[in-house]
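Enquirer: Can you look at this prediction? I've put the sequence above it.
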Amino acid sequence: MLNRVASIYEAEVDNTVDNLGKILEPFIIVFLGTLVGGLVVAMYLPIFNLMTVIG
């Protein structure tokens, strides 16, 4: 009987964790994309400013 209850709760926990991962995945992708984009802009902005000063 306890094995059945344990397997039911284990299935519920697995289902909840899978759903939570599916919900959080887009937010993580957007956050990392924003972070990488910010780093790229921070790297290239001084180069563009230098080119405008020189040219």
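Expert: Thanks, I have the structure now.
Enquirer: how close does the residue nearest the centre of the chain get to E10?
Expert: The centroid of the chain falls nearest to I28 when counting by C-alpha atoms, centre = their mean (1.6 Å). Separation of I28 from E10 (C-beta to C-beta, to the nearest Å): 26 Å. Heads up, the C-betas are built off the backbone N, CA and C, glycines and all.
Enquirer: just L45 next, same as before
Expert: 51 Å.
Enquirer: again, but for V36
Expert: Counting by C-beta to C-beta - V36 and E10 are separated by 37 Å.
Enquirer: Low-confidence stretches in this protein?
Expert: Filtered on pLDDT under 70, the chain yields no residues whatsoever.
Enquirer: and L39, how many neighbours does it have?
Expert: 10 (other C-beta atoms under 10 Å).
Enquirer: What segments of the protein are helices?
Expert: Counting by DSSP state H, residue ranges of the helices within the chain are 2-54.
Enquirer: residues near Y44, how many?
Expert: When counting by other C-beta under 10 Å, one arrives at 10 neighbours for Y44.
Enquirer: neighbours around I29, how many?
Expert: By other C-beta under 10 Å, the residues close to I29 number 10.
Enquirer: contacting residues around it?
Expert: By C-beta atoms under 8 Å, 6 or more residues apart in numbering, the contact set of I29 is empty.
Enquirer: Report the separation between it and D14.
Expert: From I29 to D14 the distance is 23 Å (C-beta to C-beta).
Enquirer: what's the answer for L24, then?
Expert: Distance from L24 to D14, by C-beta to C-beta: 16 Å.
Enquirer: can you check M1 too?
Expert: From M1 to D14 the distance is 21 Å (C-beta to C-beta).
Enquirer: what do you get for M51?
Expert: 55 Å.
Enquirer: Thank you kindly, that will do.
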